[in-house]
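Q: With the sequence up front, the predicted model follows.
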Amino acid sequence: MDKNSVLLILVLPCYNEESALGQSIETLLAYFNELIADGEISEDSRLLLVDDGSADRTWEIIEEFHERNGRILGLKLSRNEGHQTAIYAGMADAIDRGAEVVITIDADLQQDMHAIPRFLSEYRRGCDIVYGVRSSRDTDSFFKRTTGSGYYRLMSLLGCELIPNSADYRLMSKRAVEALLKYEERDLFIRGIIPTMGYPTGKVVFDVKEREAGESKYTIWKMLHLAMDGITSFSIRPIRIVTILGFLILFMSGIMIIHVLWDYFHGNTVSGWSSILASLWFLGGVGIFSIGVVGEYVGRAYLEAKKRPRFFIEKKL
Ligand code: UDP
Ligand code: MG
């Protein structure tokens, strides 16, 4: 592949970023010029700023930059839909505008932009998806670090393999984004879906800095929301747990009934004890097991309703 030909659109989700955005754009523009001069990306490469329904001057700043510099593109969501949706909208729009390659990066530039050439070289090596993996989580609060790693463990128990310590600093080729757009579900958990798409992938390790201006826009509620989305959109395993639990209790009830009968025939029981205990265990088991069985069907219906694509073609001869 000709090194010059890569048309990159860098997607930045921005939510109330007025204090950080101007500086970030200046820094990126300067760096873009270097990348173009080095032949890393094509002359037509662009920065796409996605305003995620900000309440401050974010969109005005984007407009000002767009007027002064044709390299700056803007996209404004009508309300705050959250980081994931902003990224999704940005990637879709970038492909629409002719991008061959899309990289998403946070607008506060906490993620080291100097990793971009390494992302691109993985792309040239043939990777459709390149994950940015953080070299350390030192800049995160203790809370974010521990809940984060606990979450990865929980998700993997539930059967969703996330790439540990990969934020949404990521490269996607055109066809990988197009594949992602084929998922019709509303509660798309991008980080979970992408590893299941199966295209050739690579990793780039990058450093994270402290946020220079403004504060984190990821409130605890937004984090919890994302975490819940991840679990419910990916896994019907919680239902399976109910089914198994019901089955175990039913099994236990068998043992209990034998035990109760034994005591009954040996005469060391109060009247009524045997029937109450036997039915308590049995009915409990039947109840929970039945809920699990119903849940299995609901779970299937849930997965079907998502209409996920069955396959993507990687090569054709
Ligand atoms: N962001 C967004 N919508 C939101 C929250 C955040 O587009 O509802 C953007 C934000 O502007 C930033 C990126 O997501 O570009 C990451 O957010 P932030 O830096 O606040 O999170 P942190 O680095 O603290 O995890
Ligand atoms: Mg940040």
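A: Perfect, thanks for sending it. Ligands and ions are numbered 1, 2, ... in the order given.

Q: what residues are up against the residue lying closest to Gly246 once chain neighbours are set aside?
A: In this structure, Gly246 finds its nearest non-sequential neighbour in Phe289, 2.9 Å apart by Cβ to Cβ, 6 or more residues apart in numbering. In this view, the C-beta of every residue, glycine as well, is placed from N, C-alpha and C. By Cβ atoms under 8 Å, 6 or more residues apart in numbering, the contact set of Phe289 is Thr243, Gly246, Phe247, Ile249, Leu250.

Q: Phi and psi next, for Phe289.
A: In terms of degrees, to the nearest 10, the main-chain angles of Phe289 are phi -60, psi -40.

Q: where along the stretch 201-317 of the chain do the helices fall?
A: Taking DSSP state H, counting those that start in this stretch as the test, the helices found in the stretch 201-317 of the chain are 220-234, 237-265, 273-305.

Q: Quick check, central residue of the chain?
A: Central residue of the chain (Cα atoms, centre = their mean): Arg191, 2.6 Å from the mean position.

Q: What mean pLDDT does the host helix or strand of it get?
A: When secondary structure is defined using DSSP states H and E, the element that contains Arg191 is helix 190-197. Averaging pLDDT along helix 190-197 gives 90.

Q: What residues sit buried inside it?
A: Under the neighbour-count criterion of 16 or more other Cβ atoms under 10 Å, helix 190-197 has Ile190, Arg191, Gly192, Ile193, Ile194, Met197 buried.

Q: could these go into a markdown table alongside distance to ligand 1?
A: Output for the buried residues of helix 190-197, formatted as a markdown table (distance: Cβ to the nearest ligand atom, whole Å):
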| residue | distance to ligand 1 |
| --- | --- |
| Ile190 | 13 |
| Arg191 | 13 |
| Gly192 | 18 |
| Ile193 | 18 |
| Ile194 | 17 |
| Met197 | 23 |
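
Q: The stretch 1-150 of the chain: helices as residue ranges?
A: Counting by DSSP H, counting those that start in this stretch, one finds helices in the stretch 1-150 of the chain at the ranges 18-37, 58-68, 83-96, 116-124, 142-157.

Q: could you list every residue that touches the closest residue in space to Asp187 that isn't next to it in sequence?
A: Distances taken as Cβ to Cβ, 6+ apart put Ser233 closest to Asp187, at 4.7 Å, once the chain neighbours are dropped. By Cβ under 8 Å, 6+ apart, the contact set of Ser233 is Glu185, Asp187, Leu188, Phe189, Gly192.

Q: Are any of those buried, and if so which?
A: Burial of those was assessed by neighbour count (16+ other Cβ under 10 Å); the buried members are Leu188, Phe189, Gly192.

Q: Adding distance to ligand 2, write these out as TSV.
A: Compiled in TSV, the buried ones among the contacts of Ser233 are given as follows (distance: Cβ to the ion, whole Å):
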residue	distance to ligand 2
Leu188	21
Phe189	20
Gly192	21
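
Q: what does the stretch 51-200 of the chain have sitting close to ligand 1?
A: Contact residues (Cβ under 6 Å from any ligand atom) of the stretch 51-200 of the chain with ligand 1: Asp52, Asn80, Gly82, His83, Ala86, Asp106, Ala107, Asp108, Gln110.

Q: In ChimeraX, how would I select just the buried ones from those residues?
A: Those of those that count as buried under 16+ other Cβ under 10 Å are selected in ChimeraX with:
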select :52,80,82,83,86,106,107,108,110
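
Q: and ligand 2, which of the residues of the stretch 51-200 of the chain next to ligand 1 contact it?
A: When contact is defined as Cβ under 5 Å from the ion, those meet ligand 2 at Asp106, Asp108, Gln110.

Q: pLDDT added to those residues, as CSV?
A: Formatted as CSV, the entries for these read as follows, by pLDDT from 0 to 100:
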residue, pLDDT
Asp106, 95
Asp108, 93
Gln110, 93
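
Q: Closest to Ser271 out of those?
A: Ranking those by separation from Ser271, with Cβ to Cβ as the measure, puts Asp106 on top at 70.6 Å.

Q: hang on, that closest one packs against Asp168?
A: Yes. Contact between Asp106 and Asp168 holds when scored by Cβ atoms under 8 Å: they sit 7.5 Å apart.

Q: ok so, going back, can you tell me which of the buried residues of helix 190-197 lies closest to Ile129?
A: Nearest to Ile129 among the buried residues of helix 190-197: Ile194, at 6.0 Å, using Cβ to Cβ.

Q: Now for that closest one: which residues touch it?
A: Residues counted as contacts of Ile194 (Cβ under 8 Å, 6+ apart) are Ile129, Arg170, Met172, Ala176, Leu180.

Q: How confident is the prediction for the residue nearest to Met256 when sequence neighbours are not counted, by pLDDT?
A: Of all residues beyond its chain neighbours, the one nearest Met256 is Trp281 (4.5 Å), with distances taken as Cβ to Cβ, 6+ apart. On the pLDDT scale, Trp281 is placed at 86.

Q: what does the one 10 residues further on give?
A: The confidence metric pLDDT takes the value 91 at Ile291.
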